[in-house]
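In: Coordinates for the following, if possible.
(chains A and B)
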Amino acid sequence: MAEADNHDSGLALQSVSIRLGERLLLSVDTHVAPGSVLTVMGPSASGKSTLLAFIGGFLDKAFSASGTVLIDGEDMTGKSPQERHAGILFQDPLLFPHMSVGGNLLFAIPSAVRTPSERNSIARNMLAGMELEGCFDHDPARLSGGQKARVALARTLVSEPRALLLDEPFSKLDSALRQQMRELVFSLARERGLPVVLVTHDPADADAAGGQLVTIG
Amino acid sequence: MQKEEPLFRIARLAPFMVILLLTVPVLAGLAGTILPAFSYLPALGGKAPSPQAFRAVFAEPNIARSMALSLWTGLASTLLSVLIAAGVLASGFGTAGWTRMVHLLSPILSVPHAAAAYGLMVLIMPSGFLARLISPEITGWQNPPDILIPGDPWGLTLIAGLVAKEVPFLLLLLIAAMGQIDAARSLQMTSALGYGRLAGFFHVLWPQLYRQVRFAVFAVLAFSATAVDVAVILGPNAPSTLSVQLVHWMNDPDLAMRFTASAGAMVQLGLVLLLFAFWLALEKSVTMVRRHFAKGGLRFLSDRIATGTFRFAGWLLALATLGGLALLAVWSVSGLWPFPDAMPASYTFKAWMRALPAISGPMATTFEIGFLSAAIATLLCVLCLASPLSGKAANRFVDASLALPLLVPQTAFLFGLQIAAIKTGLGYGLTALVLVHLVFVMPYVFLSLRPAWKSLDPRFALVAGALGKSRTQTLLRIELPMLIRPVLTAFAVGFAVSAGLYLPTLLIGAGRMPTITTEAVALAAGANRRTIGVYAFLQAAIPFAGFVLAFAVPAWLFRNRAGMRAA
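Out: Residues are numbered from 1 along each chain as shown, chains lettered A, B, ... in the order given. Next up, the predicted model:
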């Protein structure tokens, strides 16, 4: 990718390195263009998830990190997680169990969208786009595994994230479902121009992502 | 730097509030007991330190027997409670009927000590239900036999009363600890190696479990050796246990007796320390015995009789305690009930009609103090957990403060605290009572809420943060609703502890703020059994209602949310 073309858009990681005590876990210096994917591969316990925590702003105090995170040219280092708008997906859907499916989405829609009818239609449209129409009032605990994964994705997208952080989000799905979810996530990210950082130990994820690859550990 | 949200700026102070609210009363109270124990209390004319008060204590007739009774009942009941709780768990865990037994034992946790003691009393006393059940057919008794129960000189009834309450407490803590270790698979492993159920439990699970409940065992030891309410109801008289004797001195109209009472409280503190030292030695020898047997590889395979006995003991305890409470309800509405008849000949609400006007005031006080102290404790606990202190030293300080009131005998700091409460003018009022109740309520609220809070997947909060929500929004809209069941349960635990507190209420309220518990225990001195039935039944019902609400409210709120069911 051309260096000069605008680092003002997308996600820039400038001389980022993360340490646990004396040990260097990873060091990255790269730029993830809107709609493209940076894949970080490594065995479990190699500390690859700490990169997501650093970008998202919730790195445990046990680690020390240096470097700068820019999203669309704006310096995010030192900002609180809620100011960064970096949507995150874990391997578990982590739907809020006390809310309905629609409630999960409404919770995520930014408060700048004020009118209830507008918020409702954003949530319903997003669900419809993921073949979840009619699930608005459902109990998230009663959905299938694939449906839960799609609700988690829908919830992240309605929060209008500026980047997408994926922490092995496909590893708990069975293989058919995994392929579908990969396509859905990557195509939606491209469509919305979201830079994506994917952490995984599955080479098939990296192939499907098709972007830059960093191997650690 | 990130700006701290207002709620979390307050939350950061919560751990320090907890430390202050716990250590100041206990340490100030302790100092306030030590000084008069050495005859230094200028307000009462004691100006020069001297061992005079201690001499007065040891000059009391029967003091040696009182001390021995305290040591014996404390040690015996703790040993029995630990043994039965461990044995019931080892024998019953994973067997058919186990869940049912646990469900039967759990509600006993909410029953105040005094109510459980009265229940046991009406069950086993000579004119009690058991004697009636087998008389005259088996025993030939036409009149109640002349046996001193409760109040037998060896304190056996008192031990039984303490065991009935402490076994459910320890057992439920042990069950919670079982969840933290891989218990079921460890047992499969030991039985595959050919070990019997009990031996496998003792060798592999017990060392891990004991480490987690050790603090609670020491708290049980300190409590059992110093309990006042159970000892007043079930314990021996003339001489009574040291704890009961101490309260008599403290309530003596002759203020000079405060010196004796304070010195006695120091003696009791010494006894508790002695018991702690003995228990530490016991722990060492049990470990040695276990290592010895582990080397020998003895499998103790045929343990049917032992496991059967333990299972029987578990059921017996649960049924006796709950049956005793049911009997109290029967007594409260009984009319004529001549001796060998198992059930009353007639029923009447006279006892209720008589008691209700007198008891409505104390009931209101119980609710007021219980609600305020449980609410404050739960709020502080939530704030502490939402904003954990960084730094191990600070956390250890919070833990140590929470342990303090459970390990230091109540008399050792309440006596001094009473004097302080009077001198500062705080005494006898609602504020003073809520403050002193908080000292006892907070440790149990933390004990109840902390494990549940820590077991919530921290990624839920990360997800909320990534969705653009502040920490305050995350706490109020994600964490608290998801944890509503344990939060309300912790509140109910706090309320139950407060409602059942006897000595702190008696001493700091100085008789002017009676609660259902102080009134109920006062009846031990020979009130009629119907009145006792009314008071003790209400005493048990009030905290139980709290638990019912803690269960029912979330069940109703989240009736359509399968993910919010109780685990």
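
In: Select the longest helix from chain A.
Out: Among the segments of chain A that qualify as a helix by DSSP state H, the longest is helix A:175-192.

In: chain center to it, what's the gap?
Out: 12 Å (Cα atoms, centre = their mean, to the nearest Å).

In: Look up how far chain B lies from residue A:106.
Out: 11 Å (Cβ to the nearest Cβ, to the nearest Å). (Glycine included, C-beta is placed from N, CA and C.)

In: got the contact list for the host helix or strand of that residue?
Out: Assessed by DSSP states H and E, residue A:106 sits inside helix A:101-108. Here helix A:101-108 makes contact (Cβ atoms under 8 Å, 6 or more residues apart in numbering or on different chains) with A:95-96, A:99, A:119-120, A:122-124, A:126-127, A:132, A:135-140, A:143, A:151, A:154-156, A:158-159, B:464, B:467-469, B:477.

In: next one: it to chain centre, how far?
Out: On the basis of Cα atoms, centre = their mean, helix A:101-108 sits 17 Å off its chain's mean C-alpha point.

In: Average pLDDT for it, rounded please.
Out: Mean per-residue pLDDT for helix A:101-108: 97.

In: again with stretch B:318-328
Out: In the prediction, stretch B:318-328 has an average pLDDT of 94.

In: In three-state terms, label residue A:15 for me.
Out: Of the three states, residue A:15 takes strand under DSSP: H, G, I helix; E, B strand; the rest coil.

In: Settle this for me: it is touching residue A:68, isn't it.
Out: Yes: with contact defined as Cβ atoms under 8 Å, residue A:15 reaches residue A:68; the gap is 7.3 Å.

In: Quick check, the residue in chain A closest to chain B?
Out: residue A:97 (2.9 Å; Cβ to the nearest Cβ).

In: That residue - nearest residue in space that isn't next to it in sequence?
Out: residue B:563 (2.9 Å; Cβ to Cβ, 6 or more residues apart in numbering or on different chains).

In: ok, now how distant is that neighbour from residue A:175?
Out: Applying Cβ to Cβ, to the nearest Å, the value for residue B:563 to residue A:175 is 26 Å.

In: Which residue of these two possesses the greater neighbour count?
Out: residue B:563 (15 against 8; other Cβ atoms under 10 Å in any protein chain shown).

In: which residues touch the closest residue to residue B:85 other than its chain neighbours?
Out: Excluding its sequence neighbours, the residue lying closest to residue B:85 (Cβ to Cβ, 6+ apart) is residue B:170, at 3.9 Å. Taking Cβ under 8 Å, 6+ apart, we find residue B:170 in contact with B:81, B:82, B:85, B:213, B:216, B:217, B:220.

In: Is residue A:166 in a helix, a strand, or coil?
Out: Assignment for residue A:166 (three-state DSSP): strand.

In: quick revisit: give me the three-state assignment for the residue nearest to residue A:97.
Out: Following three-state DSSP, we place residue B:563 in the helix state.

In: you'd agree it is up against residue A:99?
Out: No: using Cβ under 8 Å, residue B:563 is not in contact with residue A:99, being 9.8 Å away.

In: coming back round to it: which two in the contacts of residue B:170 are spaced the farthest apart?
Out: The distance between the two most remote of the contacts of residue B:170 (Cβ to Cβ) is 11.2 Å, for B:81 and B:213.

In: about what we covered before: which single one of the contacts of residue B:170 is nearest to residue B:288?
Out: residue B:82 (17.5 Å).

In: Just give the number of residues close to that closest one.
Out: Number of residues near residue B:82 (other Cβ under 10 Å) recorded here: 22.

In: what does the one 5 residues further on give?
Out: Residue B:87 is flanked by 21 other residues according to other Cβ under 10 Å.

In: re earlier: kindly list the main-chain dihedrals of the residue of chain A closest to chain B?
Out: The phi and psi values for residue A:97, taken as degrees, to the nearest 10, are phi -70, psi -20.

In: what sits against it?
Out: Counting by Cβ under 8 Å, 6+ apart, the residues that residue A:97 touches are A:140, A:141, B:482, B:561, B:562, B:563, B:564.

In: what residues are up against the closest residue in space to residue B:127 that isn't next to it in sequence?
Out: Leaving aside its sequence neighbours, residue B:127 sits nearest to residue B:144 (Cβ to Cβ, 6+ apart; 3.8 Å). Applying Cβ under 8 Å, 6+ apart, we find residue B:144 in contact with B:125, B:126, B:127, B:131, B:339.

In: how about 7 Å then?
Out: Residues in contact with residue B:144, defined by Cβ atoms under 7 Å, 6 or more residues apart in numbering or on different chains, are B:126, B:127, B:131, B:339.

In: Repeat that for residue B:490.
Out: B:378, B:381, B:445, B:448, B:449.

In: If I follow the layout properly, the second one ends up in contact with residue B:449?
Out: Spelled out, that is residue B:381. Yes: assessed by Cβ atoms under 7 Å, residue B:381 is found in contact with residue B:449 at 5.2 Å.

In: was I right about residue A:130 contacting residue A:154?
Out: Yes: the pair residue A:130 and residue A:154 passes the contact test of Cβ under 7 Å, sitting 5.4 Å apart.

In: Which of these two has more residues huddled nearby?
Out: residue A:154 (24 against 18).

In: Leaving out sequence neighbours, find the closest residue to the more buried one.
Out: Per Cβ to Cβ, 6+ apart, closest to residue A:154 is residue A:126, 4.7 Å.

In: ok, back up a step: residue A:15 and residue A:68: who's more crowded?
Out: In this view residue A:15 and residue A:68 are compared by other Cβ under 10 Å, and residue A:68 has more residues nearby, 14 against 10.

In: Could you give the backbone dihedrals for the more buried one?
Out: phi -130, psi 140.

In: And the longest helix along chain B, what does it pack against?
Out: For chain B, the helix with the greatest residue count under DSSP H is helix B:257-296. Applying 3 or more Cβ pairs under 7 Å, 6 or more residues apart in numbering or on different chains; DSSP states H and E, one finds that helix B:257-296 contacts helix B:14-37, helix B:52-59, helix B:63-92, helix B:206-226, helix B:242-250, helix B:410-423.

In: 10 Å instead, please
Out: In this structure, helix B:257-296 makes packing contacts with helix B:14-37, helix B:52-59, helix B:63-92, helix B:197-200, helix B:206-226, helix B:242-250, helix B:392-407, helix B:410-423, judged by 3 or more Cβ pairs under 10 Å, 6 or more residues apart in numbering or on different chains; DSSP states H and E.
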